[in-house]
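S.K.: sequence plus the predicted model coming up.
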There are 2 protein chains.
Amino acid sequence: MTYRKLTIEDIAHQAGVSRATASRVLNKAPGVSAELRTRVDRVVADLGYRPNAAARALASGRRDALDLVVIACHGDISLFGAQPYYSRVIAGVLSALAGTDTQLRVNVAGAEDATELIDRVASSVTAGAVLVNVSPALAARFHARCRKAVSLGATAPHVPAVEPENSRAAYDAISFLHRIGCRRIAAIHGPDCNTCAAGRRAGHLEAVRELGLADIAVDGGFRREGGYAAATRLLAEHPDLDGIFAACDMMAAGAVQALTDAGRRVPDDIAVVGFDDSAVAACVSPPLTTMRLPVEQMAATATRALLEGAAAPHWRRFFPVDMVVRSSTGPDAALLLSPAPPVSALAGRR
Amino acid sequence: MTYRKLTIEDIAHQAGVSRATASRVLNKAPGVSAELRTRVDRVVADLGYRPNAAARALASGRRDALDLVVIACHGDISLFGAQPYYSRVIAGVLSALAGTDTQLRVNVAGAEDATELIDRVASSVTAGAVLVNVSPALAARFHARCRKAVSLGATAPHVPAVEPENSRAAYDAISFLHRIGCRRIAAIHGPDCNTCAAGRRAGHLEAVRELGLADIAVDGGFRREGGYAAATRLLAEHPDLDGIFAACDMMAAGAVQALTDAGRRVPDDIAVVGFDDSAVAACVSPPLTTMRLPVEQMAATATRALLEGAAAPHWRRFFPVDMVVRSSTGPDAALLLSPAPPVSALAGRR
DNA sequence: TTGAAAGCGCTACCAG
DNA sequence: CTGGTAGCGCTTTCAA
C-alpha cells in the first residue's frame, strides 16, 4: 500500500473535474450535477481520500474542533482522574458531537497556568469552548476574546452557561434530612474556587437558617480523603451529629467510612446525603442517597448550543437536580417522598 | 476593546520588520538579532497577538495534537462516563503533555463506526495516537496507515504497546485467594472484545488449573450491575463459594453488594478481589483488595513514546500490576504478604 | 452547472 | 542576520 499524500487536486484530476467542483461535492454544496457528484464520490471512495483539516479550517475559517477547558483547582490535575465528574462531562460532549465531524480537544491547566490556557484557547477556538470550573473572572476574559463559550456551572452574568440548580438542591437535601428527623446536620463542602461548591454552600446556609439549625460546615476538597477527615473532625467537635450533607459523592463515601470506623451506624445513627449521583454513589455501603446532577445532559446541551450558535451573551439553561433516595438516609426514607406534600413543595422557596 | 483579526503581517509591520523575521521570533528560531527579537516580542505582547493554529499547521505540515482513540465495546459510549478508567487515561496523557504545546484530541466510537474512526484518525494524525480498547485487527490497520500509534494494552505483535501484566496479575489474585484459604473461587470477567479482560481471563484459567480448582467464571461486562448479577447467579449455582475475583473494581463493588444482600459476609464468608484500584475501590465497604493498574503511568509512557518518536514497531513496555490489600479479603490478609515467601514467589511462574 | 483564480495566515527556502 | 516570496490544501467568489 502506498500512502502518498492525497490532495483535492488528485481527486479533481482523477474525476476529470475542477478543484472547485470536487470541493463542492466534498462539502455537499448545491450546484453540481448528479453525474459529476457520483463520479467524484467514487474517486474519493476508491482512493480513500481525506481532506486536510488544517487547510480546510484555514480556507473556510470554519469549525473543526470543540474545546473543553478544565481548570484544576490547585493545579491538581490528578483530580481529573479521581473525580468521575469529568469523564461524565466528556461523555456528554461526545454524545452531542456524535455524527458531527467536529472533534473534541481537552485542555486542562492548574490555577497558575489558567490565564495562559484561557488566552490560548480563546485565540484558536473554532467550534467553541465548554468551560469547566473556570472562575467567573477568567470566563469573562475568555468571553471578551471569543464569544463561542459556554460555562458548565454558574459564572459571570453575560457568559453563556448551563447551570444545575445547586443552591436549591443543597437546600432540598438539608430539608430532606430535617424532614426525616435530623436536627444536628453538618455539611462537608467543596473547594472555594468552585462555583458549584459555592452554590451548594449557599443552599445549605439558607436551609439551616430557615430551619433554625446550627451552621456546621467544613471543607472536604471534593475528595474521599477530605470527606473522611471532615467527618472525623465533625464527629469530634459535634458528637451529637445526626445528619451529614456532602457536596459530592466521593466526600460522602469518605464520610460514611469515617462514621462507620468511629462506630456510628449509617443511617441509624447518622443519615448521609451525597451529591452528583456518580458511579460511586451506588457502590458505597449503604448506597448513597444523593442529588442527581445531570452532567451528561448539561454537557451535551452546552455543546449543542455552541454547535448551533445559540449561545448568545446571557444565554442560560437551568437543570433541575433531583434527589435519588437510597439507603444512606434510612430504609423507608423513600416513602417520605411520594406521599404529599413532596419535598420540593416543603422546601417551598421562590 | 476591538478584536480585529490580528495577523503576523500586522506584527511585522508594527515592529518594522519582515514577516519572515516576525515568524522566526514567534518560533524562537535562531538567526535573529537580540534587538529585533525584543522589539517583535514587545509588539506581540502589546497587541496580544496569537498565531493562527490552522495556518501554522498548514504551512508547516506539523500539527501538534495527540489523538486518543477509544472504541466503546458495544457502541456503548456511556461506559466512558461510568468507568473511572478512561478519565485516568486522560489524566495520564495530559500529565505527559503538560509543558508541551501539544493538545489532546479525544475520539470515541462504537464498534460499528470503529473502522471509519480508525481510518479518519490515521489519516490526520500529527503527534500520534494512543489506542484504547482497539482490537488487534484494527490496531494493525491503523499501524499500516500510520506508524505513530501506541496501544494501551495487548494488541497485534508489531503495533507498539504499553501492557499491564494482566494475566500474571489475575494469576496472583487467584493464588492469593487460595493462599488465604479459599477453595471455591469464581471469576467475574470483562467483555470478550477487550484484550485486558482476555489477559485476566487467561491468568485466572492458568491459576485454577495449576491449583486444581474448578473453573467457575461468568461475564460481568465491566459494569457494577453486571457484577451484581454475576455474583447473584454464582451464588445460586455454587452456594459453597468462598472467593470471588472480579476483573474490575466496579464489578467487584456490585458483587460485594450482591453477596451482602444475599446474607453472605465479606470477607468472612466470601473474600473478594477486584482489579484496577480505581476511585471506587476504596469507597466500597469493606474496601476492596484489588490489583493496582498503573493507568496514569501507562498512558503517560505511551504519550511520551509518541512525542519522542520512540515507538518503533514491536516496541513494548510492560507494567507490573501490584496487589493492594484492603479488607475485602480479611482483616489480616495483609500479613500474609510481607512474611516470606511473598505471593509473587509463591505464584512462581516464569 | 462548471472552472479559473484569489486568497486564508503562516512557514521555510533562497538570495542578499 | 534579514527580507522577499513560493507555496501548504482548501474554499469561495466571479465569470463563463
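M.R.: Perfect, I can see it now. Predicted model only: the values in this text are computed from it and were never measured.
S.K.: tell me where the stretch 51-200 of chain A has helices.
M.R.: Remark: helices assigned in the stretch 51-200 of chain A by DSSP state H, counting those that start in this stretch are A:53-60, A:78-82, A:84-97, A:114-124, A:136-145, A:166-179, A:195-211.
S.K.: mean pLDDT for those helices: which is lowest?
M.R.: Among the helices of the stretch 51-200 of chain A, helix A:78-82 has the lowest mean pLDDT, at a mean of 73.
S.K.: what residues does the stretch 1-150 of chain A put near DNA strand D?
M.R.: By the rule CB under 7 Å from any atom of the strand, the part of the stretch 1-150 of chain A lying against DNA strand D is A:5, A:7-9, A:19-20, A:23-24, A:26-27, A:29, A:51-52, A:55-56, A:58-60, A:62. (Each C-beta comes from the backbone N, C-alpha and C, glycine too.)
S.K.: list the buried residues for stretch A:190-205?
M.R.: Neighbour-count burial for stretch A:190-205, counted by 16 or more other CB atoms under 10 Å in any protein chain shown, picks out A:190-191, A:194-201, A:203-205.
S.K.: wait, which of these is closest to chain B?
M.R.: residue A:190 (16.0 Å; CB to the nearest CB).
S.K.: tell me which residues touch that closest one, please.
M.R.: Going by CB atoms under 8 Å, 6 or more residues apart in numbering or on different chains, residue A:190 touches A:196, A:197, A:200, A:201, A:219, A:220, A:221, A:222, A:247, A:248, A:251.
S.K.: and if you look at residue A:314?
M.R.: Shown in contact with residue A:314 (CB under 8 Å, 6+ apart): A:157, A:158, A:160.
S.K.: most neighbours among those residues, which one?
M.R.: With neighbours taken as other CB atoms under 10 Å in any protein chain shown, the top of the contacts of residue A:314 is residue A:160, carrying 25 neighbours.
S.K.: give me the pLDDT for that one.
M.R.: Looking at residue A:160, its pLDDT stands at 97.
S.K.: now for the helix or strand containing residue A:301, which elements pack on it?
M.R.: Using DSSP states H and E, residue A:301 sits within helix A:295-307. Counting contacts by 3 or more CB pairs under 8 Å, 6 or more residues apart in numbering or on different chains; DSSP states H and E, helix A:295-307 is packed against strand A:65-71, helix A:84-97, strand A:128-132, strand A:149-152, strand A:161-164, strand A:316-319, helix B:78-82.
S.K.: correct me if wrong: residue A:49 contacts residue A:9.
M.R.: No: using CB atoms under 8 Å, residue A:49 is not in contact with residue A:9, being 10.6 Å away.
S.K.: between the two, which has more neighbouring residues?
M.R.: residue A:49 (18 against 11).
S.K.: just give the nearest non-adjacent residue to that one, would you?
M.R.: residue A:6 (4.7 Å; CB to CB, 6 or more residues apart in numbering or on different chains).
S.K.: wasn't the one you found part of a helix?
M.R.: No: assessed with DSSP: H, G, I helix; E, B strand; the rest coil, residue A:6 is coil; it does not lie in a helix.
S.K.: and the helix or strand that contains residue A:10, what does it pack onto?
M.R.: For residue A:10, the element it lies in under DSSP H and E is helix A:8-15. Helices and strands touching helix A:8-15, by 3+ CB pairs under 8 Å, 6+ apart, are helix A:19-26, helix A:34-47.
S.K.: deepest in the core, which of those helices is it.
M.R.: helix A:19-26 (a mean of 19; mean count of other CB atoms under 10 Å in any protein chain shown).
S.K.: centre of the chain to it, how far?
M.R.: Helix A:19-26 sits 39 Å away from the centroid of its parent chain (CA atoms, centre = their mean, to the nearest Å).
S.K.: that one near chain B anywhere?
M.R.: No: Helix A:19-26 stays clear of chain B (CB under 8 Å from any CB of the partner chain), getting no nearer than 14.1 Å.
S.K.: tell me the mean pLDDT over that helix?
M.R.: The average pLDDT within helix A:19-26 is 89.
S.K.: now swap in stretch A:66-74 and tell me
M.R.: The average pLDDT for stretch A:66-74 rounds to 87.
S.K.: please save the CA atoms from that stretch in PDB.
M.R.: Output of stretch A:66-74 as PDB, limited to C-alpha atoms (Å, rounded to 0.1, in the frame of the first residue of the first chain):
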ATOM      1  CA  LEU A  66     -14.700  21.800  20.200                       C
ATOM      2  CA  ASP A  67     -12.500  22.700  23.100                       C
ATOM      3  CA  LEU A  68     -13.100  21.500  26.600                       C
ATOM      4  CA  VAL A  69     -11.300  23.800  29.100                       C
ATOM      5  CA  VAL A  70     -10.900  22.500  32.600                       C
ATOM      6  CA  ILE A  71      -9.200  24.400  35.300                       C
ATOM      7  CA  ALA A  72      -8.000  22.100  38.100                       C
ATOM      8  CA  CYS A  73      -8.400  23.600  41.500                       C
ATOM      9  CA  HIS A  74      -5.000  23.800  43.000                       C
END
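S.K.: list the contacts for residue A:181?
M.R.: Per CB under 8 Å, 6+ apart, neighbours of residue A:181: residue A:242.
S.K.: how far away is it from DNA strand D?
M.R.: Going from residue A:181 to DNA strand D by CB to the nearest atom of the strand, to the nearest Å gives 64 Å.
S.K.: any idea how far DNA strand C is from that residue?
M.R.: Noted for residue A:181: a distance of 64 Å to DNA strand C, by CB to the nearest atom of the strand.
S.K.: quick one on the thing from earlier: burial check on the residue nearest to residue A:49, number of neighbours?
M.R.: Neighbour count for residue A:6, taken as other CB under 10 Å: 17.
S.K.: sorry, back to before: contacts for the helix holding residue A:301?
M.R.: Residues contacting helix A:295-307 (CB under 8 Å, 6+ apart): A:63, A:66, A:85, A:88-93, A:95-97, A:100, A:102, A:127-130, A:148-152, A:160, A:162, A:164, A:276, A:310-311, A:315, A:317, A:319, B:78, B:81.
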